[in-house]
Structure formats: C-alpha cells, structure tokens
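> Need the 3D shape of this:
(one chain, ligands or ions: 1)
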Amino acid sequence: MQNNVLILDFGSQYTQLIARRVRELNVYCEIHPFNKIPKNLNYFKALILSGSPYSVREPNSPRVNLNVLLDKFPTLAVCYGAQLIAQEMGGLVSASNIREYGRANLFLKEKNSVLFDGISNNTQVWMSHSDTIKKLPDNSSLLASSDDVENVAYRFLQNVYCLQFHPEVYHTVEGKKILENFLTKISSLKQTWTPDSFIDSTITELREKIGSDKVILGLSGGVDSSVAAILLHNAIGKNLHCIFVNNGLLRKNEFNEVLDQYKEMDLNISGVDYSEEFYNELKGVSDPEKKRKIIGRVFIEAFEKESNKIKNVNWLGQGTIYPDVIESISATGGPSATIKSHHNVGGLPDFMKLEVVEPLKLLFKDEVRRVGKSLNIDKKILGRHPFPGPGLAIRILGEVNKENVQMLQEVDHIFIQGLKEADLYDKIWQAGAMLLPVKSVGVMGDERTYEKCVALRAVESTDGMTADWVDLPHKFLQDISNKIINRVKGVNRVVYDISSKPPATIEWE
Ligand code: XMP
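Model (predicted):
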C-alpha cells in the first residue's frame, strides 16, 4: 500500500518547507506544480495544497480541478489553497482590511476536531495573507478563529481541512502536530519513510535499473556526491568508477586527504591532477563569470579524458538533490539561476551520450546527511561545509595563479582549523576566506609593509539561498587575525565580512 503525499505547489515560498515537515514525520511526499499534476494519482493517498503569492481574486491566478482532487484525497489546504476551496465551492474571499501577517492565537471552535487533536486552545500560529475568507462554503464547519480573523480553519465535506495559517513554519508552535494529525489520523498514512527504508529501496531500484552496466561519477569531496557514490557502490560495487579531479583550486591538502578517505571506503576511484591545465587556462583572467565558465569547461574536458579510459560505460552518476529538481520543474524557475553560472562537478556534457542516474534526487540536504550517517560515511565528509565547484578561484578577486592560491590556502587553513579547535565549525553553515585585490600599508617590527588584505566570511543558512553573517567571538577573530598576519607571508590586514545574503552573496564572485 502506498503511503505517499502529493503536494501541489501554487508558488509559495513555503512549499519546500511543507515537504520537509512531512518528511520529518517519516512520511514520503512529492511536490508537483499545480499545472503539471502527475498522471498516476493512485500513487498518492493524501493531498496538500500550498500557499501562493497570487490572490484567488485575480482572474489568472492558479487553478486546479478541485472536484476531481477533493473527491479522491483527504486534503489539507494551506492559505491560498484554503481560499481557493472557499471561493470555488461557493464561499466568499475578499481583500482583507486588517493586517494579517505574523503571529496570532488560535481559538478552537469545535470540540473533538481530529485535525486539532491534542492542540492547545490559544496556540500560536503564523499568518501571512492579504485576502480573507468572508464566508465559508456550504457543507463546511468552522474549526478555529483568531482575534482578528473569523474563518482561520474550517472543514469542508468530510475530509478536506483548510487553514488560513501556515502549519509548516516554526512560528506555528504546534504546526508539526497538526500536520501529523492530518497525515496519520485523517489520511491513515504510516510513518515508515526513514533513511534505512530509503537506502533499501534505492539499492534495489539501482540494481534493477543498472544491472551489470558500468557507471562513472565525478566526486568532489562534498556530501552529495559522496553519499551518491556510496549508495551506488553498495548497489553495483566495482562497476562504479569514480573520478576525482584536482583542479588546483581546492583547500590546503584537501585532494590527498579526501582521496585517502574515499579509498578507505573502498571506492573504485581515480584521483587525477589537472592543476596545471586549470592554472594555464585561468592566466590573466579576472572577470568572475569568465573564470566560472573556464573552470566548467576545463573540468568537462578533464572528466571526458579520464572517463574515456574506462571502457563500456553507459551511465553517469550525479549527486543532484531535491531542491535542484524542484527548482528546475517549478513554474517560475530557480531564483539563483541568473546571478552566477553555477558549476557543479559531474555535470553532463551532451556529447557523452550517457544516461543519468541520480540516487538522491528525491532528498533534501538534511536527509542526504541522515542517509549518509546510516551508510556509516565518515563524519568528516558528512559534516563538511559546502564548497563551491570553482573552488578558491571565486574567492580570489583578480587573477588566479598558483602563488595566490597557495597564499589563500594558508589563510583558509588557519581560519578553518581555528573554527574546528574552538568547536565552532559544526555550528555554522559555511566559512572561508577571500583574497582581495588590494594592498595596504602596515608596520611589522620597525618595517613598513605594503601587502595584501584578506576577508574572512562565516555564515548561517539552511539552504544557501539566504544567509546571515555569524557573530564570531571577538577574541577568536583577534587570535585568527594575529595568526594569519604572523604566519602568511604577503598578508598584513584581515577584515571580517558582515554582509547578509541578500543583498550580498556568500561567495564574493
Ligand atoms: P552564493 O555565492 O551564490 O552561494 O551566495 C550559495 C551557495 O552555493 C555555493 N556555490 C556553488 N556551489 N558550484 C557549486 O557547487 C558553484 O559554482 C557555486 N557557486 C556558489 C556557495 O559556496 C554557497 O554555499
């Protein structure tokens, strides 16, 4: 029996969050855009309708065939979804004349409502809407109100539950319990989606799909490609061939350390050094976009050359994860797409004509880590901060050459080691150092210096889309700054980046 939830996306910024909460409750779900509803509806047992930046009062706002869907599934409709049902089923939605954004308290109106089973009267919820439901459709019963809004939650027919607030955000204090009631008590779903169940079913599927074919996969040292590789390795063993390209733009000692770790995991891997090729192509180039394009191209050339050494390959393995998939199928397209040309190690060059296998394409980042943990992958790999495909090249402003890379590697090493020793590394999303194209005057001993400046950056984030700078302890920054200036020749000034994203990005280029 399937235990899957269909989430129809009307474009809300919170849709991914709904999916994450459902998965956290160990129930499998998939997000599909409202205008691309999957054909096989029998695959799903429950439906969630998301919020939306649109108003149901606009003539061109997103619509779905509610009669078919509501008849078929127990449904939870959030915000726009709740308004859509109200409007289409004979109620009334109008523009709100009071502010309905932020925290509100929920007053339960119906005793024994299954959706609010175990939820306290007065519980805090999070509102974010400018339309309001003035009149409920026939065959509805009011479940809850707030101080300012009458129709905050209602039930339509037997099994359609509509919420004006967002149960998926943390500010809705008992939101997870509300979702759990919907999934388990209303939709009778079993909470069986766990890392181990995912691993078992994925390995079986991979074996069926790939059979005795060979797969090549580009490893980067990062979490996603490593977990994808181990899953494939567990499924097809030595028929997986991994390629780890040293682009000369990695962190200090990283290439050898990570290669050793992969070898310990018994991966069939070739580590190949293309540093000189990358440095040669990057000579004289300072423009960030040009650098990114060159690195992408040289990587593909190197990957192709190495993969040609492995005969009879049919598949390319990739560490694509669910947010990338959602971005590519969303009605509006990905928000970051045009800001920087992202280079992801292992991208498929068209001419290679390989089929793609992406074992993680249904997982969020935190789920990838949980799966990695269940696969016993070393904490050193699973806990690694994200590191961009173009590496230190996009942290060196101006020309990239071996000398600059080595200088930045030393600075970065002192910073990252310092974070680890101070027990700060695991508490932040990402940290690194930038080499700036400016020199400034300093004094060391009695000597005047005229040397380079580096910027340190550490950020908090959940997905890299938005980020806040981390308020690292001043004493820590003081010690790291001293160490860098004393130990790295050519650097006489250290600054700390206190910009959030947006408007600044995490990487400087
Ligand atoms: P930005 O600089 O866009 O970075 O705020 C957001 C996150 O993406 C990482 N990043 C990349 N990752 N290939 C990658 O695999 C890339 O080309 C790339 N550029 C940026 C960045 O390190 C941060 O985690």
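> List the contacts of residue 481.
Taking CB atoms under 8 Å, 6 or more residues apart in numbering, we find residue 481 in contact with residue 494. Placement of C-beta: from N, CA and C, glycine included.
> now with 10 Å?
If a contact means CB atoms under 10 Å, 6 or more residues apart in numbering, then residue 481 has 414, 415, 454, 456, 491, 493, 494, 495, 496 as its contacts.
> Please report how far the fourth one lies from the ligand.
Residue 456 sits 15 Å away from the ligand when distances are taken as CB to the nearest ligand atom, to the nearest Å.
> Direction included, what does whatever helix or strand that residue lives in pair against?
Of the helices and strands defined by DSSP states H and E, residue 456 is found in strand 447-460. Here the strand partners of strand 447-460, with direction, are listed using DSSP bridges: strand 430-444 (antiparallel), strand 468-469 (antiparallel), strand 491-496 (parallel).
> Deepest-packed of the ones you listed, please.
For the strands paired with strand 447-460, ranked by mean neighbour count under the definition mean count of other CB atoms under 10 Å, the leader is strand 491-496 at a mean of 19.
> Next secondary structure after the helix or strand of the chain with the lowest mean pLDDT?
Between all helices and strands in the chain, the lowest mean by mean pLDDT, DSSP states H and E belongs to helix 322-329, at a mean of 75. The helix or strand immediately downstream of helix 322-329 is strand 355-357, counting by DSSP H and E.
> for the helix or strand following that next one, packing partners?
For strand 355-357, the succeeding helix or strand toward the C-terminus, using DSSP H and E, is helix 365-374. Other elements packing on helix 365-374 under the criterion 3 or more CB pairs under 10 Å, 6 or more residues apart in numbering; DSSP states H and E are helix 15-24, helix 195-210, helix 223-236, helix 322-329, helix 379-382.
> Kindly recompute the last result at 8 Å.
Contact here means 3 or more CB pairs under 8 Å, 6 or more residues apart in numbering; DSSP states H and E; on that basis helix 365-374 packs against helix 195-210, helix 223-236, helix 379-382.
> Save the ones you listed as CSV, and put in mean pLDDT and mean neighbour count too.
Shown next, in CSV, are the helices and strands packed on helix 365-374 (pLDDT from 0 to 100; neighbours: other CB atoms under 10 Å):
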stretch, mean pLDDT, mean neighbour count
helix 195-210, 96, 15
helix 223-236, 97, 24
helix 379-382, 91, 14
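> what's the closest of the ones you listed to the ligand?
Using CB to the nearest ligand atom as the criterion, the shortest distance between the ligand and the helices and strands packed on helix 365-374 is 8.9 Å, found for helix 223-236.
> can you list contacts of that closest one?
Contacts of helix 223-236 (CB under 8 Å, 6+ apart): 199, 202-203, 206-207, 210, 215, 217-219, 240, 242, 262, 265-268, 317-321, 345-346, 357-360, 365, 368-369, 371-372, 375, 377, 381-382, 384.
> Just the buried ones among those residues, please.
Applying 16 or more other CB atoms under 10 Å to those, the neighbour count classes 199, 202-203, 206, 210, 215, 217-219, 240, 242, 262, 265, 267-268, 317-321, 345-346, 357-360, 365, 368-369, 371-372, 375, 377, 381-382, 384 as buried.
> before we move on, back to that, of the contacts of helix 223-236, which ones also sit close to the ligand?
Filtering the contacts of helix 223-236 for neighbours of the ligand using CB under 6 Å from any ligand atom leaves an empty set.
> Can you say which of the helices and strands packed on helix 365-374 is nearest to residue 391?
Taking CB to CB, helix 223-236 is the member of the helices and strands packed on helix 365-374 nearest to residue 391, at 14.3 Å.
> ok, then the element right after that closest one?
strand 240-246.
> Quick check: buried residues in the next helix-or-strand element following that next one?
Scanning forward in sequence from strand 240-246 by DSSP H and E, the next helix or strand is helix 254-264. Buried residues in helix 254-264, counting neighbours by 16+ other CB under 10 Å, are found at 254, 255, 258, 259, 261, 262.
> What is helix 254-264 packed up against?
Counting contacts by 3+ CB pairs under 8 Å, 6+ apart, the secondary-structure elements packed against helix 254-264 are strand 240-246, strand 269-273, helix 379-382.
> neighbours of the closest residue to residue 104 other than its chain neighbours, just the number please.
Leaving out its chain neighbours, the residue that sits closest to residue 104 by CB to CB, 6 or more residues apart in numbering is residue 146, at 4.1 Å. As a burial measure, residue 146 scores 19 neighbours (other CB atoms under 10 Å).
> cool, residue 290 as well?
Applying the criterion other CB under 10 Å, we find 11 residues in the vicinity of residue 290.
> hang on, it in a helix?
Yes: counting by DSSP: H, G, I helix; E, B strand; the rest coil, residue 290 is located in a helix.
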